[in-house]
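Student: Show me how the following folds:
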Amino acid sequence: KPLQFSLGAAGPALQSWPLAYWPDGSLKWTAHAVAGGPAADGWDLAAGAPAAPSDRVTVKKYGARIVVNAGALEWIVSTTGEYLVDSASHGGRVTMQGLRLVALRQDGPAPEGAGSVRRDAFTSKVTKVVVEQDGPVRAVLKLDGVHTGNGRDWLPFSVRLYFYAGSGSVRIVHSFIY
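Tutor: Numbering: from 1, shown residues only. Down below sits the predicted model:
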């Protein structure tokens, strides 16, 4: 049974998910995403069906592409390939396309005076995309991959894209493993 909490009869839309359970299987900790700003006199979190957001986040899969819509935002993400984000638009106007990671590796410190340094460029290669949350208040995509260049894969990474109902921005968290 899905986790259901509300912020009262007149409260805003809410999305909840479990963070931890007690050894007996009962719920220990939860996290919540709220559509809208803070309440003037607080909210009362209680068990029950949450209100539906007026401007919901949607995630749809079309073959090897995932399309996320959050209000005026539309982001298209391929499940594999060089680009983290194929394109992003706001209000129907493309604002970004072909977003990829670039890592530069240098074989030593910059020399003083004479000498040279060799630099190699590695670009992102997405190998897997997981939809961790699919709305209606918050959606999260996790992109895993490696940097590739000069015939070698190097420096694995994870990038999470966070979308929120009613927000005109996207939170991006990039982690890499060395």
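Student: Tell me where the protein has helices.
Tutor: For the chain, applying DSSP state H gives no helices.
Student: okay, now the closest residue to residue 125 other than its chain neighbours: neighbour count?
Tutor: Sequence neighbours aside, residue 148 is the residue nearest to residue 125 in space, at 4.5 Å (criterion: CB to CB, 6 or more residues apart in numbering). All C-beta atoms are positioned from the backbone trio N, CA, C, and that covers glycine. If you count neighbours by other CB atoms under 10 Å, residue 148 ends up with 16.
Student: Pull the contacting residues for residue 88.
Tutor: Taking CB atoms under 8 Å, 6 or more residues apart in numbering as the definition of contact, the neighbours of residue 88 are 73-76, 94-97, 99, 170.
Student: any chance of the residues you listed in CSV, with distance to residue 136 and pLDDT too?
Tutor: CSV is the format used below for the contacts of residue 88 (distance: CB to CB, whole Å; pLDDT from 0 to 100):
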residue, distance to residue 136, pLDDT
73, 15, 94
74, 16, 96
75, 17, 97
76, 20, 97
94, 25, 96
95, 24, 95
96, 24, 95
97, 27, 96
99, 25, 95
170, 16, 94
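Student: Out of those residues, list just those in strands.
Tutor: Taking DSSP state E as the definition of strands, these contribute 73-76, 94-97, 99, 170.
Student: now the top strand by length along the chain, how far from the centre of its chain.
Tutor: Ranked by residue count, the top strand of the chain under DSSP E comes out as strand 119-134. On the basis of CA atoms, centre = their mean, to the nearest Å, strand 119-134 sits 12 Å off its chain's mean C-alpha point.
Student: same for that strand, what does it pack against?
Tutor: Here strand 119-134 is seen to pack against strand 57-62, strand 73-78, strand 102-106, strand 138-149, strand 152-164 when contacts are counted using 3 or more CB pairs under 8 Å, 6 or more residues apart in numbering; DSSP states H and E.
Student: how far off strand 138-149 does that strand point, in degrees?
Tutor: 160 degrees (axes from the mean of the first three to the mean of the last three CA atoms, to 10 degrees).
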